[in-house]
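J.: Provide a 3D model corresponding to the input given below.
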Amino acid sequence: MNRLFGRGKAKEPPPNLTDCIAGVDGRGESVEKKISKLDLELKKYKDQMKKMREGPAKNMVKQKAMRVLKQKKMYEGQLENLRNQSFNMEQANFATQSLKDTKTTVDAMKMGVKEMKKEYKKVNIDEIENIQDDMEDMLDLANEVQESLGRQYGMPEIDDADLEAELDALGDEIALDDDTSYLDEAVSAPEAPNTNPGETNAEGVAVDEFGLPKIAA
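T.: Numbering: from 1, shown residues only. Below is the predicted model:
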């Protein structure tokens, strides 16, 4: 069958902006090289014209320079067009890539919402409320147990009036214990003598180590 009808031509891939931009940039670089080459040629003709006198020979060189300058202007126009094409395609490529990124972000967000809904279905709100109620009941029961364990046994029943009377009496006893008048008496007591044996008192009488008058032997 292939011999009779031949094989179908392979389908070429669609144009790619990135490849197109690379191709245009390559052409631009080629044109830039041509412009540089023409600049060198123009410089050569200008140097020749500076050294030549007016006449047919100088006019011939001038015509060559004019022709080269026209070519340079043409290439410069082509280079400007290529740069504009490359810029426009880069902008289009950037916008296309941004749209792709946006679509990827939206798809990821949709998947995230879908997963959240799926996981939310596994959560039972009533069950959570029941757990909270059971926990509250258990805490109340624990408090009741603590209060029950803290009860006091064998305490005599005493009337509140008796307790108040005893409390007032206890206050009086504390007030008596706080009496510090005896300290005042200690402060007013005479100071201990500070004389040495053989000395005399203020009246000129000889005294012993205790400050008492000596007895004659």
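
J.: all strands of the protein, in order?
T.: With DSSP state E, there are no strands along the chain.

J.: longest helix in it, by residue count?
T.: Using DSSP state H, we find that the single longest helix of the chain is helix 56-120.

J.: tell me what that helix is packed against?
T.: Where contact means 3 or more C-beta pairs under 8 Å, 6 or more residues apart in numbering; DSSP states H and E, helix 56-120 is packed against helix 17-51. C-beta here means a position set from N, CA and C on the backbone, and glycine is covered the same way.

J.: Tell me the buried residues in the helix it packs on?
T.: Ile21, Val24, Asp25, Gly28, Val31, Ile35, Leu38, Glu41, Leu42, Tyr45, Met49 (16 or more other C-beta atoms under 10 Å).

J.: pLDDT weak spots in the protein?
T.: 1-10, 152-156, 171-205, 207-217 (pLDDT under 70).

J.: Swap in 90 and give it another go.
T.: 1-24, 39, 41-69, 72, 93, 96, 118-130, 144-217 (pLDDT under 90).

J.: Next, count neighbours for Asn81.
T.: Look at Asn81: counted by other C-beta atoms under 10 Å, it has 13 neighbours.

J.: how close does it get to Val24?
T.: 10 Å (C-beta to C-beta, to the nearest Å).

J.: could you dump the buried residues of helix 17-51 to TSV with distance to Ala92?
T.: As requested, the buried residues of helix 17-51 are exported to TSV (distance: C-beta to C-beta, whole Å):
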residue	distance to Ala92
Ile21	9
Val24	12
Asp25	15
Gly28	17
Val31	22
Ile35	27
Leu38	32
Glu41	38
Leu42	37
Tyr45	42
Met49	47
